[in-house]
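Asker: Quick one, what's the 3D model for this:
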Amino acid sequence: MSAGPLAPPLEGVGAIDALSWSIPGLREDPTMCVRCRSAQLLCGKPVCPILVKYRAFSQTLPMVQGVEFDGSTPPGVFIGRFGYPKVSLGPLLSAEHGDTLLLDSPEDWVGRSVEEIVGFRTSLVRGTQRIDVRDAERPIRMVEDVQSIALAADSVDLEATFKRPPRGHLALSDATPPFGPTAPVERVRLDVRRWDPHLDRLSSDTDANARTAVGELYGRGVRVSRIQRAFSAGTLGRHGRRRFVPTRWSITAVDDLLGLGNLELLRRMPELGELLVYPFTALANRWLIILLPGPFRYESIEAWYPNTLWNPDPGRIVMLGDHEGVRGRKTYASIGGCYYAARLAASEALLRINRQAGVLVLREVHPGEILPLGVWNIREHVRAALARPPEHFGSLGSVIERIGQAFAIPLARWMAQSALLHEVRTQRRLDDFLAAEGVRPSGFAS
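Answerer: Numbers count the residues shown, from 1 in each chain. Here you go, the predicted model:
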């Protein structure tokens, strides 16, 4: 098959970048920043030096004048993680009135530019109050307000009084979408016109545990971003067990729970009997998702060009990946929430075709990725790729050749990194022997 256009040659290789050498330990372990992504501060610094570099964008953020605010919330809420179990929580507020759903609906951002997405998010002001995560069931005004927003079906008109004018600050995270200025909020006045009926019903069910509630909402077609918001706001779970969950953690927790639920169904389905490849390009990311015959196994690999967001080294490509076999995995993936977001999207695609298969997600990140946009970037773009018609291949060799065509990073690097490709190339399965004898396995897809 013909290859797509190749990426331009790497730029800046061999140059000296003061930032890369200012991060302790980076020269010894070039994967450190990709593994950390500001979450663990593995370099030992009190703040992430990479994000400090990009927070210069904060100077262009819109500022809210004074302490009175009148607008709407998409609806959106944010629960922080610092200081856990006492965290900051509150609504995300837009100065616009009317329908602002798009500002907090990542499922609708595929095809948008980085500038558009950042524009959506930096227009949101975050109001905050400190609260203990165990207070999710206490009759406190801010608790009730945040949970009402999380259950709302539409944008919510809102008035707020801040303790001080919001400060311009671009909040960046590889797990959550960015947002704009922040200020402690004194009072909030809401006008919720309609609750989402599914969220409202599961919020009222205090006998269902959180895992059951999340799965039932998903089965009823509630968007993943809405489930994550309700989960984070402590509206799901058994009475006495409900907690506020930091937004960053809730996103990955819901992706993981839903993915595992899908895998329970997939493992009872017949195996895919062909090689399918799904290419996709978006937001300076190149994707290749490969479905392999056999039982469900999964691997996700990221390759970061020099001078990309989480690879400040000017002269080295950084690759990192995680995988699981037919028995799944017990430890947290080193690439974080991206792993679980892509696994959920892949499991959904397999359920649509009623087949289990090996899944290999390859992502090549180019220098155009200038800001962390959140895990939604992975989930929604893998979903978009797998919603397109696939390319069909007759042999593993031709699939490997396609990998070499799709990416600028040499094929040998991908082959050396991938445990799943190594397994498929070196292990013979019972089906291979049956095929050699002219017997077609009963579970083989036609």
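
Asker: Show me which parts of the host helix or strand of G397 are buried, residue by residue.
Answerer: Assigned by DSSP states H and E, G397 belongs to helix 396-406. By neighbour count with 16 or more other Cβ atoms under 10 Å, helix 396-406 contains the buried residues 399-400, 402-403, 406. C-beta: built from backbone N, CA, C; applies to glycine.

Asker: Please apply the same query to stretch 101-112.
Answerer: Buried, per 16+ other Cβ under 10 Å, within stretch 101-112: 103-106, 109-110, 112.

Asker: What of stretch 70-86?
Answerer: 71-81.

Asker: Next, give phi and psi for the residue nearest to P390 when sequence neighbours are not counted.
Answerer: Nearest residue to P390, sequence neighbours excluded (Cβ to Cβ, 6 or more residues apart in numbering): L276, at 4.0 Å. Note on L276: backbone dihedrals following degrees, to the nearest 10 are phi -120, psi 140.

Asker: Okay, now the unreliable bits of the chain?
Answerer: Counting by pLDDT under 70, the ranges of the chain that qualify are 1-30, 33, 37-39, 41, 43-64, 168-170, 172, 370, 428-446.

Asker: Pop the domain breakdown of it in here.
Answerer: Per automatic domain parsing, the domain ranges recorded for the chain read 59-258, 270-436.

Asker: In TSV, list the buried residues of stretch 70-86 along with secondary structure and distance to E380.
Answerer: Shown next, in TSV, are the buried residues of stretch 70-86 (DSSP: H, G, I helix; E, B strand; the rest coil; distance: Cβ to Cβ, whole Å):
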residue	secondary structure	distance to E380
G71	strand	26
S72	strand	24
T73	strand	22
P74	coil	17
P75	coil	19
G76	coil	17
V77	strand	20
F78	strand	19
I79	strand	22
G80	coil	24
R81	coil	23
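
Asker: Pick out whichever of the residues you listed sits closest to V424.
Answerer: R81 (38.6 Å; Cβ to Cβ).

Asker: residues in contact with the closest one?
Answerer: Applying Cβ atoms under 8 Å, 6 or more residues apart in numbering to R81 gives the contacts 87, 246-249.

Asker: again, only using 10 Å
Answerer: If a contact means Cβ atoms under 10 Å, 6 or more residues apart in numbering, then R81 has 39, 87-88, 133, 173, 175, 245-249 as its contacts.

Asker: among those residues, which are in strands?
Answerer: The members of the contacts of R81 that map onto strands under DSSP state E are 87-88.

Asker: Please compute how far the helix or strand hosting A384 lies from its chain's middle.
Answerer: Per DSSP H and E: A384 is located in helix 376-386. Centroid separation for helix 376-386 versus its chain: 9 Å, with Cα atoms, centre = their mean, to the nearest Å.

Asker: Show me which residues of that helix are buried.
Answerer: 376-386.

Asker: Going by contacts, tell me the helices and strands next to the biggest helix by length in the chain.
Answerer: As assigned by DSSP state H, the longest helix anywhere in the chain is helix 247-266. For helix 247-266, the contact count by 3 or more Cβ pairs under 10 Å, 6 or more residues apart in numbering; DSSP states H and E identifies strand 77-79, helix 210-219, helix 224-232, helix 337-353, helix 376-386 as packing neighbours.

Asker: what's the burial count for the nearest residue to G240 once chain neighbours are set aside?
Answerer: Closest residue to G240 apart from its sequence neighbours, by Cβ to Cβ, 6+ apart: E137 at 7.2 Å. Other residues within reach of E137, judged by other Cβ atoms under 10 Å, total 17.

Asker: Can you verify E137 is assigned to a strand?
Answerer: No. Under DSSP: H, G, I helix; E, B strand; the rest coil, E137 sits outside any strand and is assigned coil.

Asker: where does it fall, phi/psi-wise?
Answerer: For E137, the backbone dihedrals (degrees, to the nearest 10) come out as phi -110, psi 10.

Asker: isn't it right next to S203, touching?
Answerer: No. Using Cβ atoms under 10 Å, E137 makes no contact with S203, being 11.2 Å away.

Asker: hey, what's in contact with both of those two?
Answerer: Counting by Cβ under 10 Å, 6+ apart, the residues touching both E137 and S203 are 147, 234-235, 237, 242.

Asker: farthest-separated two in those residues?
Answerer: Going by Cβ to Cβ, the pair spanning the shared contacts of E137 and S203 furthest: Q147 and G237, at 12.4 Å.

Asker: Counting neighbours around each, name which of the two comes out higher.
Answerer: It is G237, of Q147 and G237, that has more neighbours when counted by other Cβ under 10 Å, with 25 against 20.

Asker: which ones are touching that one?
Answerer: Applying Cβ under 10 Å, 6+ apart to G237 gives the contacts 136-137, 202-203, 205-214, 231, 243, 245.

Asker: just H198 next, same as before
Answerer: By Cβ under 10 Å, 6+ apart, the neighbours of H198 are 151, 153, 213, 216-222, 226-227, 230.
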